[in-house]
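Chemist: following is a predicted model, sequence given first.
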Amino acid sequence: MPYRANMWALRALGVRRIFAPCAVGSLTPQLGPGTVVVPDQLVDRTRGRADTYFDSGGIHVEFADPYCPTLRSAVTGLPGVVDGATMVVIQGPRFSTRAESQWFAAAGFQLVNMTGYPEAVLARELEMCYAAIALVTDLDAGVAVGDGVKAVDVYAEFQRHIEPFKKLVQEAIGELAGERSCTHCLTHQGIELPFELP
């Protein structure tokens, strides 16, 4: 996946705010299939993904809170949305083993995903507001009983909830002000960058 090229292209097109709808597995039975969650933290367990535009030059972005609070609040104010969870992003494309899933849960993570990193940090480097909106499609292997996670079941669950999920994303967009007022994601103030942002 060309994450850097995709995010750069969005910025070049004038995009400054991104809602990132995604499918996730749940690491806790309290967040069952069909639940919509707005994560507030992420953990990167991927390997080898190009995750910076600053390969040299000592540019370090603030990332303690990886998601834009303004975008998050536009979604968390909607009915039925769960506010806050830690999403661990795995390499994929395979699903987790039961041991991995139980390890993630024991570490305090609630969601597992394959695409949420490095999008979030690349957006921050490009000074774009970014927030994930996660639709739970399955209980992960360490939580589920039976055979564990199967792709066919994940796709079916996603299809079952896709229309209300799309409506929720549209409602969240409607909650945003016309102009961006958030400064949380403007991380390069007073820093000389090695190149100009598009």
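Modeler: Everything's here; your move. Numbers count the residues shown, from 1 in each chain.
Chemist: strands of this protein, start to end?
Modeler: Using DSSP state E, the strands assigned to the chain run over residues 17-26, 36-38, 41-45, 81-83, 86-90, 111-113, 129-139.
Chemist: among the ones you listed, which is the most enclosed?
Modeler: strand 111-113 (a mean of 26; mean count of other CB atoms under 10 Å). The way it works is simple: take the backbone N, C-alpha and C, and place the C-beta from them, glycine included.
Chemist: from the contact counts, what lies against it?
Modeler: strand 17-26, strand 86-90, strand 129-139 (3 or more CB pairs under 8 Å, 6 or more residues apart in numbering; DSSP states H and E).
Chemist: from residue 148, how far out is residue 6?
Modeler: Taking CB to CB, to the nearest Å as the measure, residue 6 falls 31 Å from residue 148.
Chemist: same list (the helices and strands packed on strand 111-113) but as a markdown table, adding distance to residue 189 and mean pLDDT.
Modeler: A markdown table is the format used below for the helices and strands packed on strand 111-113 (distance: least, CB to CB, whole Å; pLDDT from 0 to 100):
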| stretch | distance to residue 189 | mean pLDDT |
| --- | --- | --- |
| strand 17-26 | 18 | 97 |
| strand 86-90 | 28 | 98 |
| strand 129-139 | 15 | 96 |
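Chemist: between these, which gets nearest to residue 54?
Modeler: strand 129-139 (17.2 Å; CB to CB).
Chemist: in its sheet, what does the closest one sit against?
Modeler: strand 17-26 (parallel), strand 36-38 (antiparallel) (DSSP bridges).
Chemist: what sits up against the shortest one?
Modeler: Strand 36-38 is contacted by residues 24, 31, 67, 72, 75-76, 80-85, 110-111, 131-136, 165, 168 when judged by CB atoms under 8 Å, 6 or more residues apart in numbering.
Chemist: again, but for stretch 190-198
Modeler: With CB under 8 Å, 6+ apart as the criterion, stretch 190-198 contacts 8, 11, 12, 53, 54, 56, 57, 59, 126, 127, 188.
Chemist: first-to-last residue distance for that stretch?
Modeler: 18 Å (CA to CA, to the nearest Å).
Chemist: I'd like the distance from that stretch to the chain centre, please.
Modeler: Stretch 190-198 sits 25 Å away from the centroid of its parent chain (CA atoms, centre = their mean, to the nearest Å).
Chemist: for residue 174, give its distance to residue 22.
Modeler: 20 Å.
Chemist: same deal with residue 131?
Modeler: Taking CB to CB, one finds residue 131 at 11 Å from residue 22.
Chemist: in stretch 39-59, what's buried?
Modeler: 39, 40, 41, 42, 43, 44, 45, 46, 51, 53, 59 (16 or more other CB atoms under 10 Å).
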